[in-house]
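**Q** Sequence isn't available, so here's the structure alone:
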């Protein structure tokens, strides 16, 4: 898994032989199950290493705490386990909850967790609009991570309610994201977040405009959020008047592997 080894090294992470074996097993099972259900459109061996594994562990650029000790993380809308499972393999001390609404994908996740002998991992089959109102999940996590879940205004409503006050949301994004961030500023404020931070992913393996969007949570999320299932996507919180000059409601930071 040389592509993974090199990519992890460029992120400041050295993987052991045991960890590389876990990634290999994960790849094998992902490819096998993907022949029976839609887990990923990316199946090429090298591309999975880069676009799934290295991309997932790039979250560490916004979360140096993972290298220091245990951290409670929820991966919202995890699908085939990204970014949560690759992060858990790289940082086994973290406590991880994988939230996925599709039953068959949840079954795959439970299989992988068992196959890789990952401890302190919980798989929850539920929509985030429902799970975020349960006492055992609401505002219980240090970090919420997500990749490809939705546009930022919707994404924030589906994830920030899981974060403790003092915790953070880390959303993996790609391409032109400025208008999306501007349109999400009002939602972020309503949900208890602070001004979004953009961390560019500047490693050779991921050179196609990938970013981490970090929202620190400074106050509790009002009890009515998230709204009922489907509403955050149909009626995102806040709005952006594109006729006005952008308000610069974000901060661009440098990554520091």
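**A** Ah, there it is. For clarity, every value in this text was computed on a predicted model and none was experimentally measured.

**Q** Give me the phi and psi for residue 169.
**A** In terms of degrees, to the nearest 10, the main-chain angles of residue 169 are phi -100, psi 140.

**Q** Which strand residues bridge it?
**A** Per DSSP bridges, the residues bridged to residue 169 are residue 144, residue 215.

**Q** Surely residue 48 and residue 42 touch.
**A** Yes - with contact taken as C-beta atoms under 8 Å, residue 48 and residue 42 are classed as touching, separated by 5.8 Å. Every residue, glycine included, has its C-beta placed from N, CA and C.

**Q** Comparing these two, which residue is more hemmed in?
**A** Remark: of residue 48 and residue 42, residue 48 carries more neighbours, 22 against 15, as counted by other C-beta atoms under 10 Å.

**Q** Now do the same contact list for the more buried one.
**A** 27, 30, 40, 42 (C-beta atoms under 8 Å, 6 or more residues apart in numbering).

**Q** is it possible to export those to JSON lines including distance to residue 151 and secondary structure?
**A** Below are the contacts of residue 48 laid out as JSON lines (distance: C-beta to C-beta, whole Å; DSSP: H, G, I helix; E, B strand; the rest coil):
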{"residue": "27", "distance to residue 151": "30", "secondary structure": "helix"}
{"residue": "30", "distance to residue 151": "27", "secondary structure": "helix"}
{"residue": "40", "distance to residue 151": "21", "secondary structure": "coil"}
{"residue": "42", "distance to residue 151": "22", "secondary structure": "coil"}
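
**Q** got the residue ranges for the strands in this structure?
**A** In the chain, the segments counted as strands under DSSP state E are 72-76, 95-100, 121-125, 141-147, 163-174, 196-200, 210-216, 250-252.

**Q** now for the last one, which elements pack on it?
**A** Right, the one you point to is strand 250-252. Applying 3 or more C-beta pairs under 8 Å, 6 or more residues apart in numbering; DSSP states H and E, we find strand 250-252 packed against helix 178-190, strand 196-200.

**Q** so of these, which one's packed in deepest?
**A** Counting by mean count of other C-beta atoms under 10 Å, helix 178-190 has the highest mean neighbour count of the helices and strands packed on strand 250-252, with a mean of 20.

**Q** Tell me which other helices or strands that one touches.
**A** Helices and strands touching helix 178-190, by 3+ C-beta pairs under 8 Å, 6+ apart, are helix 152-159, strand 196-200, strand 250-252.

**Q** for the record, mean pLDDT for that helix?
**A** Averaged over helix 178-190, pLDDT sits at 92.

**Q** quick one, it and strand 210-216 angle?
**A** 20 degrees (axes from the mean of the first three to the mean of the last three C-alpha atoms, to 10 degrees).

**Q** got a list of contacts for helix 178-190?
**A** By C-beta under 8 Å, 6+ apart, helix 178-190 touches 151-153, 155-157, 160, 173, 194-196, 198, 213, 215, 222, 225, 236-240, 242, 246-247, 249-250.

**Q** List buried members of the residues you listed by neighbour count.
**A** Using 16 or more other C-beta atoms under 10 Å as the burial test, these include 151-153, 155-157, 160, 173, 196, 198, 213, 215, 225, 236-238, 240, 249-250 as buried.
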